[in-house]
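1. With the input below, show me the fold.
(one chain, ligands or ions: 2)
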Amino acid sequence: MVDDSADESIAADSVTAVQTAARWLLEAEALLVGSGAGMGVDAGLGTFRGTHAGVWPPLERHGLDYADVCQPRWFEEDPAFAWAFWGHCDRLYTQTQTHGGYDLVKQWADQVKHKAGAFCLTTNIDGHWRKAGWPERALLEKHGSCRLLQCSKPCSDEAWPPADGDVPPLAEECDDRAEEARLPLCPRCGAIARPNVLMFGDSQFAVGQHQLQLARYKDWLQGMRSKSKFQRRSLKGAARRDAPERSRGPLSGLVCVEIGAGVAVATVRREFERLCGFEGARLIRVNPEHTSLPKALARSGKAVCVPLGAHEALRAIDAVLCKLRDGDKLPLRVRASTASTMAGAEEADFGRLSSAEDDFFEPDVATSKQHCK
Ligand SMILES: NC(=O)c1ccc[n+]([C@@H]2O[C@H](COP(=O)([O-])OP(=O)(O)OC[C@H]3O[C@@H](n4cnc5c(N)ncnc54)[C@H](O)[C@@H]3O)[C@@H](O)[C@H]2O)c1
Ligand SMILES: [Zn+2]
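-> Numbers count the residues shown, from 1 in each chain. Ligands and ions are numbered 1, 2, ... in the order given. You can find the predicted model right below:
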């Protein structure tokens with residue numbers, strides 16, 4: 001039996017959620033990871049809202065908040081001010097080390113059985129999935145990345161990685177202005193360069209990299225279709241013994257792990273809830289504050305929330321997963337929860353998936369007024 005001793009510090013309802021999550025990961029054929037600002041909190045990064053909101057010190061003095069400073073107009077009106085803010089973000093993201101949760105998720109990704117494997121969808125702009133070694137081909141940074149520059153006009157859709165020294169230092173004895181002479185320029189037209197991040201009201205966001213990543217995500221989702229060929233007999237050990245026989249839908253065997261995605265900019269949450277409406281897909285939500293699940297998903301046992309911080313939750317899930325991989329059996333209460341998962345599974349067809357998917361693929365640039373960077 002799995003003993004709960006590794007989870008002594010975790011409340012009983014969290015233990016059940018952790019065990020359910022581990023069981024689903026054991027059975028996962030494909031993995032979709034999603035992250036929002038909360039994923040970075042245990043590495044020391046702030047969110048933009050809530051308990052862990054991180055503040056750029058000069059903002060208060062200027063009477064501005066994040067939504068005011070995260071606007072492309074600053075690159076026209078006062079690029080030295082704009083780069084003081086974005087330089088601060090860049091240094092913070094570059095200097096902060098990723099926490100161990102990233103490595104655990106990468107290990108889970110390496111262990112899924114379907115050839116489509118794993119994909120990561122993040123609204124974070126910190127480049128931390130890349131830093132942790134997540135493969136570029138399986139990454140969608142929905143709101144861009146601080147680790148790429150683009151032209152502020154822009155004169156093309158291209159984005160490029162900054163060379164050493166491209167991100168300007170602060171001007172001497174100044175915390176809110178970058179050194180004017182060091183501002184990075186577009187190599188094509190000489191205009192000021194800026195981060196390739198989707199800001200508020202951002203009609204200048206260069207979409208080249210974004211479209212490439214979106215196309216990869218779309219392909220990956222399409223690849224799930226061939227998954228119906230997957231056979232239960234290809235499972236090993238405990239997974240095979242306990243795997244329920246079930247009918248196959250286009251997303252059967254997909255486990256979505258959503259970590260630290262908030263409700264204000266709900267891009268990741270909405271996409272994951274949508275995908276989990278399909279037969280056989282499951283949602284593991286990791287969030288210590290925004291713990292709610294859509295009623296239909298919760299009732300049918302297709303979704304579970306682990307109400308802990310990212311690193312603690314991922315460690316706890318991994319500890320149980322390792323035991324399960326070693327052939328330990330699950331406690332009864334977890335078996336019951338897993339059984340109910342399939343009983344109430346919703347029917348859905350792939351046509352609906354494709355049309356709803358179009359919504360996900362379309363709107364971000366046009367509606368970036370609602371998006372916070
Ligand atoms: N590191 C980054 O790249 C970064 C930082 C801040 C914001 N953002 C982006 O800006 C947008 C809005 O950000 P926001 O801060 O308003 O996010 P938000 O407020 O929408 O969400 C933050 C979420 O993280 C959760 N959370 C807090 N501590 C956590 C922890 N230890 N582990 C897991 N989850 C935790 C909160 O409950 C909340 O749901 C999003 O696109 C976000 O990804 C990115
Ligand atoms: Zn240019």
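2. Please, where are all the helices along this structure?
-> If DSSP state H is used as the criterion, the helices of the chain fall at 12-27, 58-62, 66-69, 73-77, 79-95, 100-111, 128-131, 208-223, 237-242, 267-276, 295-299, 310-325, 332-343, 350-361.
3. Which among those helices is found nearest to ligand 2?
-> Minimum separation from ligand 2 across these (CB to the ion) falls at helix 73-77, 11.6 Å. Every C-beta, even on glycine, is put in place using the N, C-alpha and C of the backbone.
4. a markdown table for the helices of the chain, including mean neighbour count, mean pLDDT and distance to M39?
-> Shown next, in a markdown table, are the helices of the chain (neighbours: other CB atoms under 10 Å; pLDDT from 0 to 100; distance: least, CB to CB, whole Å):
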| stretch | mean neighbour count | mean pLDDT | distance to M39 |
| --- | --- | --- | --- |
| helix 12-27 | 22 | 93 | 16 |
| helix 58-62 | 13 | 90 | 23 |
| helix 66-69 | 16 | 88 | 18 |
| helix 73-77 | 16 | 97 | 27 |
| helix 79-95 | 20 | 96 | 12 |
| helix 100-111 | 18 | 96 | 7 |
| helix 128-131 | 20 | 97 | 7 |
| helix 208-223 | 17 | 94 | 18 |
| helix 237-242 | 15 | 59 | 27 |
| helix 267-276 | 22 | 95 | 10 |
| helix 295-299 | 14 | 90 | 21 |
| helix 310-325 | 21 | 97 | 5 |
| helix 332-343 | 15 | 35 | 25 |
| helix 350-361 | 14 | 49 | 20 |
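5. Tabulate those helices (TSV), appending distance to L170.
-> Below are the helices of the chain laid out as TSV (distance: least, CB to CB, whole Å):
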stretch	distance to L170
helix 12-27	43
helix 58-62	10
helix 66-69	15
helix 73-77	16
helix 79-95	6
helix 100-111	29
helix 128-131	23
helix 208-223	27
helix 237-242	53
helix 267-276	32
helix 295-299	47
helix 310-325	31
helix 332-343	53
helix 350-361	38
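6. List just the one of those helices that sits closest to A43.
-> With CB to CB as the criterion, A43 lies closest to helix 128-131 of the helices of the chain, at 7.0 Å.
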